[in-house]
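Visitor: can't give you the sequence, but here's the structure:
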């Protein structure tokens, strides 16, 4: 069991993902600003995990009584909204906390704090449940004997637990399927090499690590049954923003006739984004590209581009796997329906 | 001027490419076995440069008189043939040295040594001339204002000088064209980040470094005029083995309607290979993937694949640029003709 993020004794506790796999360090946060900083600096990353971290952070910020609770709450929410622009789960979680606050702000301070914390804990719990549910839907799409390619880390570490893309892999394995994984290292931040390889090793799922540049070669050799990735934001038409490199994999998968699956909870779907062109793409520090740890790997002063995400158009995606079911092209109506299932509060269907 | 490899005072001198860009170290080799080791360990790399290194190494091995020159020569050649399997320029250079030896072995030892050295020096000189010639052919294919994507390092450092893909870029710039470059870092060995960025910085050609995973994203944004890469071996039908990741770039370029050019001297063409399926692909040490320098970036003991090259089928290649002219589909006849121009000893055409 991987403890990505938890509420423990009045504090937010996270495993520091920047230090994995060489060090397993859990950081304890008692100040919401430090939680916001942890999101920005990628102590925690992965769209669903960022959402959970923001929810816990907001609850943390409201644990002590405030003289002007409205103003304080709004300021805290804005602090989190400014951490990272692409993963919509962040804004989804903030919005849920806002609705909870609006409903409870008349209550006396201790009860308000408790209600906000309960809401954050619910977001945490529901994320794991959603992953388990979408894992089961996804597992059905995986052949009995499959070699699955995945990119970045859409695992327990990217969520409250279990994972989205790795949730599908875990569920397929739990369903008795014979699964091996080809994991791309995912430059520049190396989430594949550092996090996915680490998670799958713990699970004893046979995993081979490759560089991002090798994906096409192995697809051409007929070694890949399907590609499964997570998502940072899914537009209303099914376009998917995900870790940089996802688009290239989708183009390659298309050429080789390999199914390309996106696994994400409905909290990742942004119906207010008509298509991928409207998704803001974060550009990160050039240092992530020019350095590995403290080691420079490029000449000093070289110009660098570092977009953290790209957009995969829906026509390259074979299916989007959510906790309420699977969407296929045409996506617009189906995604709307899956989101309605969520907002109608329909329980995640037991399998 | 970059001095990749030279013959100086009876020794082979190479810049140690493993240490660039942080250190500029020139290594002096007086033993042919050390030269072979340097090729294997990638002190020097790049198909044409490997060929030149083998030629110098063979000449070096034959500088002192041998009791059984035939046997010694054959052993030396076999030592070099065992260094790296994919770049055909290695075998081409060995073959040329063999022919020289066969023609001169009746001479007295000092003259034989001298003739072998002269042959190696000719290979060195001709490689630079070939690059300058193919650069001029290639420059004509580049728009007046172009943003060129390149992969790995097919520059002065990959050749005796000037470069193949970077030769095209240099020649386009010398022809007064406005050139900017997008260089992929080229994991695992980082030839793009370490070598191409370093070379182009010296030339003051504006270069932006990206990770391999970002190529598709920037192609989709319409920012790339063409892709130019080198080659390690070109089969008779135009299939091209080149640094791992080349195939993915070619697939992406095709999707975006971006011309994809391969620049290589005819010494890279292997008419005995019918197609890409017959090109041996080197698998290198997993350590290159799991470590950057001494720093581990993946969990200990993770399984790794590390093919150093992939094969791009000819139908994805817009043109192959050689020192004798440009080949386009159908490649077979045209490549044969270009090779004949070489073996007929036709001089590289002055422009």
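Guide: Perfect, I can see it now. This structure is a prediction, so every number in the text was calculated from the model and none was measured. Numbers count the residues shown, from 1 in each chain, chains lettered A, B, ... in the order given.

Visitor: pLDDT averaged over the longest helix seen in chain A - what is it?
Guide: As far as residue count goes, and with DSSP state H defining each element, the longest helix of chain A is helix A:109-139. pLDDT averaged over helix A:109-139 equals 97, rounded to a whole number.

Visitor: by contact count, what packs against that helix?
Guide: The contact analysis (3 or more C-beta pairs under 8 Å, 6 or more residues apart in numbering or on different chains; DSSP states H and E) places helix A:109-139 against strand A:5-8, helix A:47-61, helix A:88-104, helix A:165-174, strand A:260-263, strand A:319-322, strand A:325-327. C-betas here are computed from N, CA, C, even on glycine.

Visitor: Now do the contacts for the residue nearest to residue A:58 when sequence neighbours are not counted.
Guide: Using C-beta to C-beta, 6 or more residues apart in numbering or on different chains and skipping the chain neighbours, the partner closest in space to residue A:58 is residue A:97 (4.6 Å). Going by C-beta atoms under 8 Å, 6 or more residues apart in numbering or on different chains, residue A:97 touches A:54-55, A:58-59, A:77, A:116, A:119-120.

Visitor: what's the closest of these to chain B?
Guide: residue A:54 (26.4 Å; C-beta to the nearest C-beta).

Visitor: My guess is that closest one contacts residue A:38. True?
Guide: No: the pair residue A:54 / residue A:38 is not scored as a contact, 10.6 Å apart, by C-beta atoms under 8 Å.

Visitor: gap between the longest helix of chain A and the chain center?
Guide: Centroid separation for helix A:109-139 versus its chain: 14 Å, with C-alpha atoms, centre = their mean, to the nearest Å.

Visitor: if we can go back for a sec, between residue A:54 and residue A:38, which has more neighbouring residues?
Guide: Taking other C-beta atoms under 10 Å in any protein chain shown, residue A:54 and residue A:38 do not tie; residue A:54 has more neighbours (33 against 24).

Visitor: So for the more buried one, what's the pLDDT?
Guide: 98.

Visitor: how far away is the residue nearest to it when sequence neighbours are not counted from residue A:42?
Guide: Here the nearest residue to residue A:54 in space, its sequence neighbours aside, is residue A:80; by C-beta to C-beta, 6+ apart that works out to 4.3 Å. Plainly put, residue A:80 is 15 Å away from residue A:42 if you go by C-beta to C-beta, to the nearest Å.

Visitor: So between the two, which is more surrounded?
Guide: residue A:80 (27 against 18).

Visitor: The more buried one contacts residue A:39, correct?
Guide: Yes: if you go by C-beta under 8 Å, residue A:80 and residue A:39 touch, sitting 7.2 Å apart.

Visitor: Give the residues shared as contacts by those two.
Guide: A:54, A:57, A:90.

Visitor: Between those residues, which sits nearest residue B:327?
Guide: Nearest to residue B:327 out of the shared contacts of residue A:80 and residue A:39 is residue A:90 (C-beta to C-beta; 51.8 Å).

Visitor: And the closest one, how far from residue B:259?
Guide: As defined by C-beta to C-beta, residue A:90 lies at a distance of 40 Å from residue B:259.

Visitor: same check, this time on residue A:79
Guide: Counting by C-beta to C-beta, the gap from residue A:79 to residue B:259 is 48 Å.

Visitor: Those two: which is more packed in?
Guide: Neighbour tally, residue A:79 and residue B:259, criterion other C-beta under 10 Å: the higher count belongs to residue A:79, 20 against 16.

Visitor: check which helix or strand covers the residue nearest to the more buried one when sequence neighbours are not counted.
Guide: Nearest non-adjacent residue to residue A:79, counting by C-beta to C-beta, 6+ apart: residue A:36, 4.9 Å away. For residue A:36, the host element (DSSP states H and E) is helix A:32-40.

Visitor: same deal with residue A:77?
Guide: Per DSSP H and E: helix A:69-81 holds residue A:77.

Visitor: residues in contact with residue A:258?
Guide: Contacts here follow C-beta under 8 Å, 6+ apart; on that basis residue A:258 touches A:149, A:219, A:224-227, A:252.

Visitor: Farthest-apart pair in those, please.
Guide: Pairwise over these, using C-beta to C-beta, the maximum falls at A:225 and A:252, 14.3 Å.

Visitor: Show me which of those two is the more surrounded one.
Guide: Taking other C-beta under 10 Å, residue A:225 and residue A:252 do not tie; residue A:252 has more neighbours (27 against 19).

Visitor: what pLDDT, on average, does the strand or helix carrying the more buried one get?
Guide: Assigned by DSSP H and E, residue A:252 falls within helix A:246-256. Mean pLDDT, helix A:246-256: 98.

Visitor: Stretch A:320-336 too?
Guide: For stretch A:320-336, the mean pLDDT works out to 97.

Visitor: which other residues reach that stretch?
Guide: A:129-131, A:133-134, A:137-138, A:141, A:168, A:231, A:234, A:236-238, A:240, A:261-266, A:269, A:271, A:314-315, A:317-319, A:338, A:341-342, A:346, A:348-349.

Visitor: likewise stretch A:111-123?
Guide: The contact list for stretch A:111-123 (C-beta under 8 Å, 6+ apart) reads A:7, A:51-52, A:55-56, A:58-59, A:62-65, A:69, A:93, A:96-97, A:100-101, A:104-105, A:107, A:160.

Visitor: hmm, the strand or helix carrying residue A:198 touching chain B?
Guide: Here residue A:198 sits within helix A:197-202, counting by DSSP H and E. Yes: residues of helix A:197-202 contacting chain B under C-beta under 8 Å from any C-beta of the partner chain: A:197-198, A:201.

Visitor: Dump the residues you listed into CSV; add neighbour count as well.
Guide: Compiled in CSV, these are given as follows (neighbours: other C-beta atoms under 10 Å in any protein chain shown):
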residue, neighbour count
A:197, 29
A:198, 22
A:201, 18
